[in-house]
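# Give me coordinates for this.
(chains A and B)
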Amino acid sequence: MPRPRGFEQEAPPPAREWPISGRSARRAQRRPFVDAEWRSLAPPRAVGRSSLSGGKLAAAAVAVAEQRTRRAASRVRIVVTKAPTACWNRGSPLPRFSCGLRVGRTGRRDPDNRSLKDTMFARGLKRKCVGHEEDVEGALAGLKTVSSYSLQRQSLLDMSLVKLQLCHMLVEPNLCRSVLIANTVRQIQEEMTQDGTWRAVAPQAAERAPLDRLVSTEILCRAAWGQEGAHPAPGLGDGHTQGPVSDLCPVTSAQAPRHPQSSAWEMDGPRENRGSFHKSLDQIFETLETKNPSCMEELFSDVDSPYYDLDTVLTGMMGGARSGPCEGLEGLAPATPAPSSSCKSDLGELDHVVEILVET
Amino acid sequence: MGLSFFSKNLPIQEGQPWALTTPADIISTVEFNHTGELLATGDKGGRVVIFQREPESKNAPHSQGEYDVYSTFQSHEPEFDYLKSLEIEEKINKIKWLPQQNAAHSLLSTNDKTIKLWKITERDKRPEGYNLKDEEGKLKDLSTVTSLQVPVLKPMDLMVEVSPRRIFANGHTYHINSISVNSDCETYMSADDLRINLWHLAITDRSFNIVDIKPANMEDLTEVITASEFHPHHCNLFVYSSSKGSLRLCDMRAAALCDKHSKLFEEPEDPSNRSFFSEIISSVSDVKFSHSGRYMLTRDYLTVKVWDLNMEARPIETYQVHDYLRSKLCSLYENDCIFDKFECAWNGSDSVIMTGAYNNFFRMFDRNTKRDVTLEASRESSKPRAVLKPRRVCVGGKRRRDDISVDSLDFTKKILHTAWHPAENIIAIAATNNLYIFQDKVNSDMH
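Coordinates of the predicted model:
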């Protein structure tokens, strides 16, 4: 089933509530990213009255996840047999870790069949305004699943970019980790290019074969898509490209991200090169922005605030002059007036959200 | 499996509750020497602690020797790189023992930038009866010396002296992740994220670069070296693993710079399991040659794989370590656990492989019987002589009484470093800041 038209022309969401502002980033750095005690936020508001957000999907998702695990296990050449029965006396209760959000001791107990989607999206979910959701309700159920996939992919992209930023601490960052995160970002960018969420078509792109789709594991567990026959989100599982999406050619995005990820890696280069990393990623967005401003807005609205704010933090820390990113951001200003103003003002609101994010 | 492990003694390094763990006490590497008599551990604070196995006592012939602290020394100190304004961590990344060639023991220890060769000697006798000095070392008044005596060696309390014999510095721009001593006992290699250097044990001011994967343009960087090891018998062969899940076997006879691999071991990706995290979980965190030299063991995030050196297309065996985490990759990415580097180990006869997991669990896979077991390294289970009970993680479906559910796993308790005695069924497990030593009660010899 082809993707319904009009998806790309959705009005961009209002200013989001997720990004990490400068003050909050500083707070985050007081407690290392990894050691932060995570607690889940309240689950997101139900998205319309679709059955997708209900418990049915949750149970179905878990069932499919198990099925896939079993199937994957059977493909392993050596089948792992059961361990001998043990009598294990339960000692002190182990600290719980539930999908997404909790490390360390907490009192809450999650039901085992809690929806993966719920816990996954409890943090970093871009919340659309209510009015917009009511409009969408009339559309096919598939539309929502597509947008939730895009949301998840977007949140993954945001998370990755933030990780790349925050890893510039007093000790030299772990190069392997940075490379892996950057590769993930690149994959997302390439897929978004194919989707048209990130439209940038260049003439030479036509020669290249479409890249394989990379789908988040969680999306593979969405039984609803396959079962209801609803329109398939781009690249679900079986790697087929569908509908209008296949017409898009992957592009310069493959080349663009490379040039900018400049001297994040350059350890032996001059220190100010490290700052140009931020600027460079902005340059990617700049080049792609000119092709399709309306889409870029959605992208930039997530990205530019963190750059600006984290950058002021890092400038203070590293003591290096770093005016690049601000210029880059201002370069985006014409297409995204709202984000650029939000990035300079109202840190209080962002701080509040990040406080929930980081310190709870 | 035929192995039942029990704890030889209480955790040797008593740690505090996890919330109060001093970061400096976290064990960062564990290594047995070639006979298994000595066990070296390195921690995040730059210290090395060596344990020695007590010889079996004649009184109780059935109780095997226990490991006691033999020596402790500060190997590396924190440093500051003034050029880049960055700290250099003193954490010991790897320890490798040199084959013993005389009464002294030698080991190489490395942090992110500097490798040091330490010599460990024992002194249990001292000369007494000097002519010119008295017992305290003061010079004697010559007029009181009436006869000459020959100094005699008298026994004294055992003193273990450790001295740094070589310091191999300034060889690496990036963080050293592994070192490996060559079978020729004269050279060793050190690998960082982008380069591998070959050193001679006696020469500290020069090293040869044998692998360099740094791209001309750093923007093109997509792959780093994650681990490397020399072949146990062929002094010209070594393997290095990458963050993309490939292994490269190189022959130093082919060229001075071994950028072109002799063999490339890579398993094609499973398209049905593809996700944004596929590349991250395929990154190889550890590679170990088997004692026979025929096989390699690799550990990526969710599996351990056994490769035959003669077959490059795919591993001959794949074992799932904790496949129940496959659906949680996004969360593990968020809290950085997906970047944890687990190590793996062979037993002496290459029939069993072992690796660590979360919640202080570690897993063993018997290659012959295809059975596996999950054990836990914790205080409750390691009272002396207590037999370890197998554990199980339930992934939904029916759940037994003693199972742990995936959501209850503690991801801050991870077993990254494990080691297996080269000859016997004794294993050393590093759980954060505690060291556990377990032994197979029934079958103390390898079979």
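# what stretches of the chain score poorly on pLDDT?
Unless you meant another one, I'm taking chain A. In the predicted model, chain A carries pLDDT under 70 at residues A:1-144, A:167-171, A:197-360.
# try again with chain B
Scanning chain B for pLDDT under 70 picks out the ranges B:1-21, B:57-64, B:381-382, B:441-447.
# tell me how far the ends of stretch B:401-419 are from each other?
Counting by CA to CA, to the nearest Å, you get 31 Å between the two ends of stretch B:401-419.
# tell me which residues in that stretch are buried?
The neighbour-count check on stretch B:401-419 (16 or more other CB atoms under 10 Å in any protein chain shown) flags B:402-419 as buried. C-betas here are computed from N, CA, C, even on glycine.
# Which of these fall within strands?
B:404-405, B:417-419 (DSSP state E).
# which of those residues are close to chain A?
B:404-405 (CB under 8 Å from any CB of the partner chain).
# Please identify which pair of the ones in strands among the buried residues of stretch B:401-419 lies farthest apart.
Greatest spatial distance in those: B:405 and B:419, 30.1 Å, computed using CB to CB.
# Could you tell me how many residues sit around the residue of the stretch 51-200 of chain B found nearest chain A?
For the stretch 51-200 of chain B, the residue closest to chain A is residue B:193, as judged by CB to the nearest CB, at 4.4 Å. By the criterion of other CB atoms under 10 Å in any protein chain shown, residue B:193 has 25 neighbours.
# Would you mind measuring from it to residue B:206?
Distance of residue B:193 to residue B:206, given as CB to CB, to the nearest Å: 22 Å.
# Next: residue B:299.
For residue B:299 relative to residue B:206 (CB to CB), the value is 33 Å.
# Compare those two (neighbour count), which wins?
Neighbours were counted for residue B:299 and for residue B:206 using other CB under 10 Å; residue B:299 has more, 26 against 10.
# That one: what's it in contact with?
Residue B:299 makes contacts with B:284-287, B:321, B:342-344, B:355, as judged by CB atoms under 8 Å, 6 or more residues apart in numbering or on different chains.
# Could you give the bridge partners of it?
Beta bridges link residue B:299 to residue B:286, residue B:304, judged by DSSP bridges.
# Give the buried residues for the strand ranked longest in chain B.
If you go by DSSP E, chain B has its longest strand at strand B:152-168. Neighbour-count burial for strand B:152-168 flags B:160, B:162, B:166, B:168 (criterion: 16+ other CB under 10 Å).
# just checking, what packs against it?
strand B:67-74, strand B:115-128, strand B:203-212 (3 or more CB pairs under 8 Å, 6 or more residues apart in numbering or on different chains; DSSP states H and E).
# Quick check: buried residues in the following helix or strand past the shortest one?
Proceeding N to C from strand B:67-74, the next assigned helix or strand is strand B:79-81, under DSSP states H and E. Residues of strand B:79-81 classed as buried by neighbour count (16+ other CB under 10 Å): residue B:79.
# and whichever helix or strand comes after strand B:79-81, does that touch chain A?
Note on strand B:79-81: by DSSP H and E, the next helix or strand toward the C-terminus is strand B:86-88. Yes - using CB under 8 Å from any CB, strand B:86-88 reaches chain A at B:86-88.
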